[in-house]
Each structure stands twice: as structure tokens, then as C-alpha cells.
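> fold the following, please.
(chains A and B)
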Amino acid sequence: MSFYKVVEQYRDFNVPKFFDQVNDEDIILSMAKEKPDPMDLLTLLSPRAAGHLEAMARKAHQLTVQYFGRTIQMFIPLYISNYCNNGCAYCGFNHKNSILRRKLSLEEIEIEAKAIAKTGMQHVLFLTGEAQHMTPMSYLVDASRLLKKHFASVAIEVYPLEIEEYRQLYEAGVDSMTMFQETYDEGVYKRVHLAGKKMDYHWRLNGPERAAKGGMRVVNLGALLGLSEPRREMFFTGLHASYLENKYINTEVAISLPRFNEAEGDFQPDYLVNDKTFVQFMTALRIFLPRLGLTVSTRENATFRDRILPLGATRYSAGSSTGVGGYTEIPDGQTPQFEITDARSVAQVADAILAQGYQPIYKDWDCI
Amino acid sequence: MNDDLLLLGGKEFSNRLLTGTGKFGNHGQIPKMLAASGSQMITVALRRVDVSEQSENILEYIPKNVTLLPNTSGARNAEQAVRVARIAREAGCGDFIKIEVITDMKYLMPDNWETLKATEILAKEGFQVLPYVLPDLPLAKRLENAGAAAVMPLGSPIGTNRGLETKPLIAMLIENACVPIVVDAGIGKPSQAAAAMEMGADAVLVNTAIATARDPEAMGRAFDLAVKAGRAAYLAEMAEASTFARASSPLTGFLDEEQP
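So this is what the prediction gives:
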């Protein structure tokens, strides 16, 4: 069975009708449950639950401190290629965009790695666009081995791979993978993915499961908030995480909540998620899955990131550059995949975390 | 003079509260908590220690008179645990090692089989091995035979603060084990630590309940008092509980008195 069975199970579920019937007692009950079920998650994602946000935030804070302590694990993204075969309507790396394409050589990756390592950061996430012919497995394996020499933990955000390929990367030193489904709505998925292998909804949907089978310690999921009705998207994201958590007990599951951000192109998202709704999503997910990793990226601005830190977050990216070679060069005319809005350095983000009474964790795992 | 010492791995401890470093909001809180709690042994996850010393090192916050108990948190099998233990020793963390092998990311239950394998290897290498386990008497005896310095059964799953949910199973270990029993994980309140000590545990390890309290220093002090009270009660040999009332001065005692 794959997660698609779960998607099918809820495909015709009338979410607006469910939301119409949610009352305050339901919300209080869902919040108080020791083991919330999918309907409790949906209850907490309902528009009516926004009226209970403070109580949800307190519960999310309490659960996060209980299970993770007052700690935030830090990581830094490293873009090593922006070549891409896909035609994603919303993405700056879209193959049709005439942007400066670049792929770092191993020597250049090492220069970037050394520059990042100087900041004290020990968890690195390397990313590529999705162009298998430009960044084949051999390149990913070499990059992994190289980065492992400089960092305690190496994560990937690359095109979906076969189980054996994930295993190869795991053996080369990669311990975590990130795979954003972008949208769980199959119809919308087809409308916004116009070219390339990414058009295959199922291949992508099953990517995290293949990674878990391939031995990845951490699997990080996400839907790009803006493409489809966001409350429904969060529901499926939570179900996806829960599905993996139950089926692959060796795998730590995490979620990111990327909100649509300005990129190359004229794409206008159908939905915008405001800060209040974003916080509701975060806290609902935390209450549903208390041990879930929750990643907050530099897509969010510094002030907002500081404020939401105690509400369930467990991982923060910091000092991010989304340009290829962005840590050692000033990217000349390069277009980032998306715009970052928290431009603070690693040290500045760490100071802000400390100021909140939390400890920035530079090294949380060493895949020895 | 305290003659009720805990002998653990060939070392004497006058304090029976072991603490952890995992969840503090600031490393600076650790020495204050240690001073307030009197804890003489503290566990540190080697996965968070930067042995290359590129960044801030948590070990700098642990006073020299406190014994380090590096743990193998993050290890998924015996092989990884053994590697972590060896690295800890090479990094100068001493010979004590807490074996923590966890493969289940949802409940964080220890893997007893892999833990036994790691204990067998490391005890032979001269480590003072403290295995963290689900309480199971046959396993505890095998760990003891393998050379474990203590057995650390969980009271309830890590971080849950649910207390001694495994109490009857821990009681079996206390009654039958020949090595110290240190109740580890799940203790959320000083009263639960006292209860573990009252039932005869040799020590308790508390992390979440102290580190995540609003005032970790004060909570460390509270746990110290609770552990001492529980231990004192155990040594005083508590009277048995009974279903029916027993008067302190029996009302019918005169009937047994000898008649002149």
C-alpha cells in the first residue's frame, strides 16, 4: 500500500461541509485528546479553530518543549545546481525561464563547504534543480561524500530517486531527504506541472516512502502553500507524515510549511496564507503529531520567525543563499529558486534563538 | 559522614540523582542545575558533542567533579552504539557509557536485543556500561552476566513525564538484579523519583522534568530532596500496607494479657 490509498480514501471527503459542522466543543475535545485522529487534525485546521489559536499555541508549545526541549536544530541549504527539466509554473528554476544556469564542480562545492563550515554550521542540505542528465547519481554520490568530510550531517533535496539510489546516497553519508509534494490535489498538480518527470504525481508522492525504505534517517515533507486550498493541503501533509511515522518506525518524519514566495515568472498563487493561518497550521500539526520535526525556512521573515519559534518549530535554516555558489561569490544575474526574506547570518539567527530562551543546536547527529 | 554510597562502575557516588543535558534552553543553566541538585553524574549525547571543537562544546559546561556519562543516543544498532562509545572514550569522556539504541522514532523505545549486543562488546573492552532498556528480568540478568555496571530500566517512554508505568517490572529487577538499578526515562515529578527510590531503586536519571521546568535550578533541588527522601524511606524499611485499619494501640490487646 502506498500513501495514495489514503489520498483516495479522502478524495471525495467534503471538507467545507465538515468545517461547517465543527463547533467549539469539538475543537476543545480534539485539542485535549491524548491520541488525536485524522478528524481531530481536520477539526484543528478548520476556520472555526482560529478562534482557539491561543489555546492551540499553548498546547503546541508545551508538547514541543516536552519532546524536544528548548532547542532548535540549525541547518543551511547549499544549492549546487539550478539546471532543471521541469516546467513548474511557480518555480524560478522552470526550464523555460532564461536564467543563468550553473552547476558547481566538486572543487567549487568544496570551496562553498569550507565557507559554510566557518560559520559553525554542521548540518547542510544540498539542493539541485531536477535535471538528472546534468546532476546524475554519480555527481550526487560524489557531492555527498565530499560534503560529509566537512559536515556532521548531510541532507538532500533533489529529484525523486529509486530505493536503491537513496540507499547509495545513505551509504555516501546522506542521512536526511526533503521532498515537497507541492500539492496533494492531483488536478491542481497536473495544472501546475507542465513538463518533465515531475509531471508524474505518483512518482513524487511515493518519493519519501522510497527514501525511508532506502535507509534515510529523516524524511521531510511539505506542500507549497498557495497552489491549492491550504487547509486541505495541510490535512494531507499531516496524514502523509502520520502514514510514514506509523509504517517506518526507524524514520524520523518532519514537515516544512513553505508559503508561496516571489520567484522568476508571473505566477500568481490562487491562495495566500496569512500569518495567523500559518500559526494555526503549525500548532495543529504539532498537536496531531507531537514528535514531528517542524522546519521553518528563511522564506519567512526574521521578525515572524523569531515570534513563532516557541510554537512548535524544531528546525531553522539560517544564513541561507538560494543562488548556486552563493556563499563565496556574488551571484551575477542569477535567479534564485525563491526569494529569502530572512537575510540574517548564521550567528545572528543563533543569537535570536538564544534571546528567546532556546538553544541553537549546530550538531544534532553525526552519521558515523 | 555519608556511608550510604552508590557504587557504580567501581566509583562511589554520595548522590543518587543522575541528570541529563539534552533539553536545556541554554548550556549556562547546566552548571547551576548541577550545583543545586547535587548530581554527580550527567549524561551527554555524543551526537551533540563537537569533537572537532569547531563550535561551542557542551562539555565545557560540566564541572570536573561531575562524572560524564556519554550516551549513544542516535544509534540504531549495536554496531553504531559501539562506534559512538569508542569515539567518546577517544574524545576523553572517560569509560562510562550509557547504551541507548533506539530504532522506533515514534515511542523512542529502546531496542533490548541490540543493547545487549553492544553491552557484551563494550564491557569486554573495559567500558563501564549502563544499558537503557525496557524492564525485562531475563534481559537484565543477561546484561549483568555480560558485565553491565548497572541496568537502566525506563519508568515510561522518554520525555513523557508519565512516571513509573513499568513499576511491577522494575520491582522484579530490583528484587533479583545483582547490579544497581537506575530508573531512567519518564520520571516527570519529584514524587515519582521518590517513589522509585522508596521501592529500592539505586538511583534515578532525570532530564526532561528538570531541563524543561520553568526554573531548572529549583527543579534540580526539588529532585535532589525527593531522591534523598525516597532513599531514606527505603532504608528505614517501610511498614507494609494493608486493606483494613490497624490501630496503633489495639483495642483488644487486654485479652491477651496474662491473668493474675
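> which regions of chain A sit below the pLDDT cut-off?
A:262-265, A:329-340, A:367-368 (pLDDT under 70).
> chain B contacts on that one?
Within reach of chain B by C-beta under 8 Å from any C-beta of the partner chain, chain A has these residues: A:65-71, A:117, A:120, A:122, A:152, A:217, A:245-246, A:249-253, A:291, A:354, A:357-359, A:361-366, A:368. (C-beta placed from N, C-alpha, C; glycine too.)
> max-length helix in the chain?
Let's take chain A. Longest helix in chain A, counting residues (DSSP state H): helix A:230-247.
> wait, I meant chain B there
Per DSSP H, chain B has its longest helix at helix B:216-235.
> picking that back up, outside of the next helix or strand after the longest helix of chain A, which residues touch it?
Per DSSP states H and E, the first helix or strand lying C-terminal to helix A:230-247 is strand A:252-256. Defining contact as C-beta atoms under 8 Å, 6 or more residues apart in numbering or on different chains, one finds that strand A:252-256 is touched by A:178, A:180, A:217-222, A:237-238, A:241, A:244-245, A:285, A:289, A:292-297, A:314-315, B:105.
> next, the angle helix A:230-247 makes with the following helix or strand past strand A:252-256.
Next along the chain after strand A:252-256, taking DSSP H and E as the criterion, comes helix A:275-288. Interaxial angle, helix A:275-288 versus helix A:230-247 (axes from the mean of the first three to the mean of the last three C-alpha atoms, to 10 degrees): 20 degrees.
> next, the buried residues of helix A:275-288.
By neighbour count with 16 or more other C-beta atoms under 10 Å in any protein chain shown, helix A:275-288 contains the buried residues A:277-288.
> mind putting those in CSV, distance to residue A:97 included?
As requested, the buried residues of helix A:275-288 are exported to CSV (distance: C-beta to C-beta, whole Å):
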residue, distance to residue A:97
A:277, 30
A:278, 27
A:279, 33
A:280, 34
A:281, 29
A:282, 31
A:283, 36
A:284, 35
A:285, 32
A:286, 36
A:287, 40
A:288, 37
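> now do residue B:213 against chain A, distance only.
To chain A, residue B:213 is 10 Å away according to C-beta to the nearest C-beta, to the nearest Å.
> my read is that that residue contacts residue B:219, right?
Yes. Under the criterion of C-beta atoms under 8 Å, residue B:213 makes contact with residue B:219 at 3.7 Å.
> of those two, which one has the most company?
Applying other C-beta atoms under 10 Å in any protein chain shown to residue B:213 and residue B:219 shows that residue B:219 carries more neighbours, namely 21 against 16.
> how much space between the more buried one and chain A?
Using C-beta to the nearest C-beta, we find residue B:219 at a distance of 13 Å from chain A.
> retrieve the pLDDT associated with that residue.
Here the pLDDT value assigned to residue B:219 is 95.
> then the lengthiest strand in chain A to CSV, C-alphas only?
Ranked by residue count and defined by DSSP state E, the top strand of chain A is strand A:71-81. This file holds the C-alpha atoms of strand A:71-81, laid out as CSV (Å, rounded to 0.1, in the frame of the first residue of the first chain):
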residue,chain,number,x,y,z
THR,A,71,16.3,23.5,21.4
ILE,A,72,16.3,24.4,17.7
GLN,A,73,18.3,22.4,15.3
MET,A,74,20.0,24.6,12.7
PHE,A,75,20.8,23.8,9.1
ILE,A,76,21.9,25.6,6.0
PRO,A,77,20.9,25.0,2.3
LEU,A,78,23.6,24.7,-0.4
TYR,A,79,22.4,25.0,-4.0
ILE,A,80,24.9,23.1,-6.2
SER,A,81,22.9,23.2,-9.5
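> can you show me the strands along the stretch 101-250 of chain A?
Along the stretch 101-250 of chain A, counting by DSSP state E, counting those that start in this stretch, strands occupy A:123-128, A:153-157, A:174-182, A:218-223.
> the helices in chain B, which residues?
B:29-37, B:78-90, B:112-124, B:137-146, B:167-176, B:190-198, B:208-211, B:216-235.
> mind giving me the packing neighbours of the fifth one?
Yep, that's helix B:167-176 we're talking about. Judged by 3 or more C-beta pairs under 8 Å, 6 or more residues apart in numbering or on different chains; DSSP states H and E, helix B:167-176 is in contact with helix B:137-146, strand B:152-153.
> just those: most buried one?
Here the criterion is mean neighbour count by mean count of other C-beta atoms under 10 Å in any protein chain shown, and of those the winner is strand B:152-153, at a mean of 30.
> that one - contacts with which helices or strands?
strand B:128-133, helix B:167-176, strand B:182-184.
> give me the contacts around it.
Residues outside strand B:152-153 that contact it (C-beta under 8 Å, 6+ apart): B:98, B:130-135, B:140, B:166, B:169-170, B:173, B:181-184, B:205.
> what's the burial count for residue A:20?
The number of residues packed near residue A:20 is 11, by other C-beta under 10 Å.
> just the buried positions in the helix or strand it falls within, please.
Element membership for residue A:20, per DSSP H and E: helix A:15-21. In terms of neighbour count (16+ other C-beta under 10 Å), helix A:15-21 has its buried residues at residue A:19.
> and the closest residue to residue A:257 other than its chain neighbours, how far from chain B?
Once flanking residues are discounted, residue A:257 sits nearest to residue A:281: 6.0 Å by C-beta to C-beta, 6 or more residues apart in numbering or on different chains. To chain B, residue A:281 is 22 Å away according to C-beta to the nearest C-beta.
> quick one, grab the pLDDT at whichever residue of chain B sits closest to chain A.
Going by C-beta to the nearest C-beta, chain A is nearest to residue B:23 of chain B, at 2.2 Å. pLDDT for residue B:23: 87.
> and the nearest residue to it once chain neighbours are set aside, what is it in contact with?
Excluding the flanking residues, the one nearest residue B:23 by C-beta to C-beta, 6+ apart is residue A:69, at 2.2 Å. Contact partners of residue A:69, counting by C-beta under 8 Å, 6+ apart, are A:359, B:22-25, B:208, B:211-212.
> could you dump those to JSON lines with distance to residue B:125 and neighbour count?
Converted to JSON lines, the contacts of residue A:69 look like this (distance: C-beta to C-beta, whole Å; neighbours: other C-beta atoms under 10 Å in any protein chain shown):
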{"residue": "A:359", "distance to residue B:125": "33", "neighbour count": "24"}
{"residue": "B:22", "distance to residue B:125": "26", "neighbour count": "21"}
{"residue": "B:23", "distance to residue B:125": "30", "neighbour count": "21"}
{"residue": "B:24", "distance to residue B:125": "31", "neighbour count": "24"}
{"residue": "B:25", "distance to residue B:125": "36", "neighbour count": "20"}
{"residue": "B:208", "distance to residue B:125": "31", "neighbour count": "23"}
{"residue": "B:211", "distance to residue B:125": "31", "neighbour count": "24"}
{"residue": "B:212", "distance to residue B:125": "35", "neighbour count": "24"}
